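A.B. asks: When you get a sec, could you give me coordinates for this:
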Amino acid sequence: MPPNTNTPIKETWLRPVEQLVLPALESRIRILGFTGPETGTGVSTLCRASAEVLARSGARVLLLDLSPDAASGRDPMSWTPGRNGAMSAVAPDPAGFDVLRAGITPDSRFLFNNARSLRSTLSEELSRYSAIVVNLPPLLDARPESINPIACALVCDEVVLVCAQDVTSRTSASQAAEAARAAGVKLTGAVWNRRGASTTGQEMARSARRWLRFAPRLAAAVERRLTRTPLLDG
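C.D. replies: Next up, the predicted model:
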């Protein structure tokens with residue numbers, strides 16, 4: 001799902017997300033951050049699903065979007081420390097939580113690196129929220145113009161590392177976890193996201209299309225056979 005949309009989260013995704021975030025709510029974890037080693041691991045989707053689950057559970061929830069895809073600093077509805085108050089840029093989401101997007105520009109991004117000031121805003125100006133879900137930039141391949149991921153992660157009470165099959169290698173996951181822990185980030189665990197991962201049957205079907213492109217009817221028949229074989233579907 002594209003980031004920063006109002007698309008409802010699929011009901012089938014909510015149960016596993018409940019198992020992830022509700023213990024944090026019970027443990028009085030107020031600021032819960034999500035990041036990945038690189039882009040494309042599903043952090044934005046997981047953040048929205050977590051905010052929705054917490055909101056449905058009765059919490060007053062804010063989704064703070066500090067990702068590289070957050071609104072441009074030229075957007076009057078985005079938030080930049082020192083330029084406008086955080087509450088003035090908060091927007092309601094149809095899923096029952098509020099959203100606050102960072103106004104990121106080459107100059108303003110440095111303002112978000114002040115972890116002490118950022119935590120003060122979350123604790124005081126945004127004190128009405130009992131839970132804040134933070135969409136953090138990736139740890140290893142953040143864009144030069146994005147916010148420093150470590151500085152923002154230090155603001156969170158806990159941070160979850162989101163990895164994705166077919167995207168994240170074991171090496172990059174280990175490097176990201178080590179970088180976070182070395183900086184003092186409270187990394188509590190990792191989630192391996194299988195959504196969108198290719199099954200064995202799908203991989204073989206792609207090969208069939210590639211090698212049998214000169215026999216389209218045969219390729220289509222092979223593809224149907226491969227993708228419908230239960231043994232290959234996983």
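
A.B. asks: Could you use CA atoms for every contact and neighbour count after this?
C.D. replies: Fine.

A.B. asks: Quickly list the domain ranges of this structure.
C.D. replies: By the record's domain assignment, the chain is partitioned as 11-193, 200-232 (automatic domain parsing).

A.B. asks: okay, those in CSV with mean pLDDT and mean neighbour count next?
C.D. replies: Converted to CSV, the domains of the chain look like this (pLDDT from 0 to 100; neighbours: other CA atoms under 10 Å):
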stretch, mean pLDDT, mean neighbour count
domain 11-193, 88, 19
domain 200-232, 46, 15
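
A.B. asks: Tell me how far the residue nearest to the spatial centre of the chain lies from residue 116.
C.D. replies: Nearest to the geometric centre of the chain sits residue 43, at 1.7 Å (CA atoms, centre = their mean). For residue 43, the distance to residue 116 equals 24 Å [CA to CA, to the nearest Å].

A.B. asks: now swap in residue 92 and tell me
C.D. replies: Noted for residue 92: a distance of 26 Å to residue 116, by CA to CA.

A.B. asks: Likewise for residue 188?
C.D. replies: According to CA to CA, residue 188 and residue 116 sit 21 Å apart.

A.B. asks: measure the residue nearest to residue 56 when sequence neighbours are not counted to residue 48 for me?
C.D. replies: In space, and not counting its chain neighbours, residue 56 is closest to residue 96: 7.4 Å by CA to CA, 6 or more residues apart in numbering. According to CA to CA, residue 96 and residue 48 sit 11 Å apart.

A.B. asks: Equivalent analysis for residue 132, please.
C.D. replies: Taken as CA to CA, the span from residue 132 to residue 48 is 11 Å.

A.B. asks: Over to residue 164?
C.D. replies: 17 Å.

A.B. asks: what's the answer for residue 106, then?
C.D. replies: Distance from residue 106 to residue 48, by CA to CA: 26 Å.

A.B. asks: Residue 148 and residue 140 touch, don't they?
C.D. replies: No - using CA atoms under 8 Å, residue 148 is not in contact with residue 140, being 10.5 Å away.

A.B. asks: all helices for this protein, in order.
C.D. replies: 11-26, 43-56, 115-120, 149-153, 170-182, 200-211, 216-227 (DSSP state H).

A.B. asks: could you give the angle of the longest one to helix 43-56?
C.D. replies: Note on geometry: by axes from the mean of the first three to the mean of the last three CA atoms, to 10 degrees, helix 11-26 and helix 43-56 are set 70 degrees apart in direction.
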